[in-house]
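Chemist: Just a sequence and a predicted model for now, questions to come.
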Amino acid sequence: MNIDFAARGILTGLVVAGLTAISTPAQAEENDLVNATLWTQTSVEFKATSLAAYKLAEIMLDRALEDKNWTAATEQGEAYQEKPVAVILDVDETVLDNTAYEAWLIKANASYSSKTWAPYVNSAISKPIAGSKEFIDYARSKGVEIFYVSNRKAGEEEGTRKNLVDLGYYVNDKIDTILVRGEKEEWGSDKTSRRAYVAKDYRVALIIGDNLGDFVEARDATVADRAALIDTYNDYWSTKWITVANPMYGSWEAATFGYDFKLPNDEKRKMKLDAMEYWEPKE
């Protein structure tokens, strides 16, 4: 899932210590992205978590195929029972692993920027998220169509297609199944209109993603609002909606600083710390 924020909550820059006659070398600030990227890129626990999500998706897909009243799309209209079946997947951190880009941000002391993200996407070097290709192959063996609904921009669609095809992912070459932001005028960062576009002609069996907005409209939702949405759609999670873990970025982070991406990084970090509950040891 790529969220094209003007500046994501990544702490970058240099701290120059010691305003004395003798200068000391600058030291890199603590970067909130390090552990999350390291875990996602190197840990067997992340791989196991992703494999588990996609194994669950196979089980739930079988249930969906047996029940023609089953739909994962809240946008699904009436008389959908006899429509062909489709699955909607997000791309970034759901199908494609972009930790190489996140690691570069850390190494370069840089913040997310569309100016660096676009060439990364168009280089088509992202790796597969564990279990995603196997699930898609399984779905295709059942005759299920695959739609990739991504907030990558229209100019990044061909790079996305190349990356998927190079990795052996199924991409329909007869119809457009890579639905990116801005491809149509009404397709903004909110994915509701694109889910509705798929649901118009297909019964949506599953939605798979790493961010709340992949499943339901949640723009500018507060931390409390997001928690309420979990409760509202309790019956969807882990049945019709399957989540893949992404500790690196997402609206979960932005909600803690009110989606105000113009705030200085240190102020965003303070707001993130304030959003957490703390244990206070007894003296």
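Modeler: That came through, no problem. Computed from a predicted model, the values in this text were never measured in an experiment.
Chemist: mind listing the helices for the protein?
Modeler: Taking DSSP state H as the criterion, the chain contains helices spanning 34-42, 44-66, 99-107, 114-123, 132-141, 157-166, 192-201, 223-232, 251-254, 265-274.
Chemist: Please compute how far the last one lies from its chain's middle.
Modeler: It stands for helix 265-274. 22 Å (C-alpha atoms, centre = their mean, to the nearest Å).
Chemist: Tell me which residues of that helix come out buried.
Modeler: Asn265, Lys268, Arg269, Lys272 (16 or more other C-beta atoms under 10 Å). For the C-beta atoms, the positions are set from N, CA and C on the backbone; glycine is no exception.
Chemist: try stretch 87-105
Modeler: For stretch 87-105, by 16+ other C-beta under 10 Å, it's 87-99, 101-103, 105.
Chemist: so where's the stretch 1-150 of the chain uncertain?
Modeler: 1-29 (pLDDT under 70).
Chemist: Turn the helices of the chain into JSON lines, columns for distance to Thr243.
Modeler: Below are those laid out as JSON lines (distance: least, C-beta to C-beta, whole Å):
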{"stretch": "helix 34-42", "distance to Thr243": "14"}
{"stretch": "helix 44-66", "distance to Thr243": "7"}
{"stretch": "helix 99-107", "distance to Thr243": "18"}
{"stretch": "helix 114-123", "distance to Thr243": "23"}
{"stretch": "helix 132-141", "distance to Thr243": "13"}
{"stretch": "helix 157-166", "distance to Thr243": "21"}
{"stretch": "helix 192-201", "distance to Thr243": "16"}
{"stretch": "helix 223-232", "distance to Thr243": "11"}
{"stretch": "helix 251-254", "distance to Thr243": "11"}
{"stretch": "helix 265-274", "distance to Thr243": "21"}
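Chemist: Out of these, the one nearest Val244 is which?
Modeler: helix 44-66 (5.2 Å; C-beta to C-beta).
Chemist: can you list the residues that contact the closest one?
Modeler: 39-40, 70, 72, 85, 87, 129-132, 134-135, 138-139, 142, 144, 205-206, 208, 238-240, 242-245 (C-beta atoms under 8 Å, 6 or more residues apart in numbering).
Chemist: got the buried residues for it?
Modeler: By neighbour count with 16+ other C-beta under 10 Å, helix 44-66 contains the buried residues 46, 49-51, 53-54, 56-58, 60-61, 64-65.
Chemist: same deal with stretch 119-129?
Modeler: Applying 16+ other C-beta under 10 Å to stretch 119-129 flags Tyr120, Val121, Asn122, Ala124, Ser126, Pro128, Ile129 as buried.
Chemist: hang on, isn't Thr243 packed against Ile207?
Modeler: No - using C-beta atoms under 8 Å, Thr243 makes no contact with Ile207, being 9.6 Å away.
Chemist: which one of those two has more residues nearby?
Modeler: Ile207 (26 against 20; other C-beta atoms under 10 Å).
Chemist: so the more buried one sits right up against Lys240, yeah?
Modeler: Yes - using C-beta under 8 Å, Ile207 is in contact with Lys240, at 6.9 Å.
Chemist: Determine the residues that are contacts of both of the two.
Modeler: Ala72.
Chemist: Which single strand of the chain contains the most residues?
Modeler: Under DSSP state E, the strand in the chain containing the largest number of residues is strand 145-153.
Chemist: Could you check the angle that strand makes with helix 157-166?
Modeler: Angle, strand 145-153 to helix 157-166, by axes from the mean of the first three to the mean of the last three C-alpha atoms, to 10 degrees: 140 degrees.
Chemist: Strand 145-153 packs against which elements?
Modeler: strand 85-89, helix 114-123, helix 132-141, helix 157-166, strand 178-181, helix 192-201 (3 or more C-beta pairs under 8 Å, 6 or more residues apart in numbering; DSSP states H and E).
Chemist: and which of the buried residues of helix 44-66 is nearest Arg219?
Modeler: Closest approach to Arg219 among the buried residues of helix 44-66 (C-beta to C-beta): Ala53, at 24.7 Å.
Chemist: Please give me every residue in contact with the residue lying closest to Tyr80 once chain neighbours are set aside.
Modeler: Excluding the flanking residues, the one nearest Tyr80 by C-beta to C-beta, 6 or more residues apart in numbering is Arg203, at 4.8 Å. Contacts for Arg203 (C-beta under 8 Å, 6+ apart) come out as Lys68, Trp70, Thr71, Gln76, Tyr80, Gln81, Lys83, Pro84, Val85, Ala86.
Chemist: Much appreciated, bye for now.
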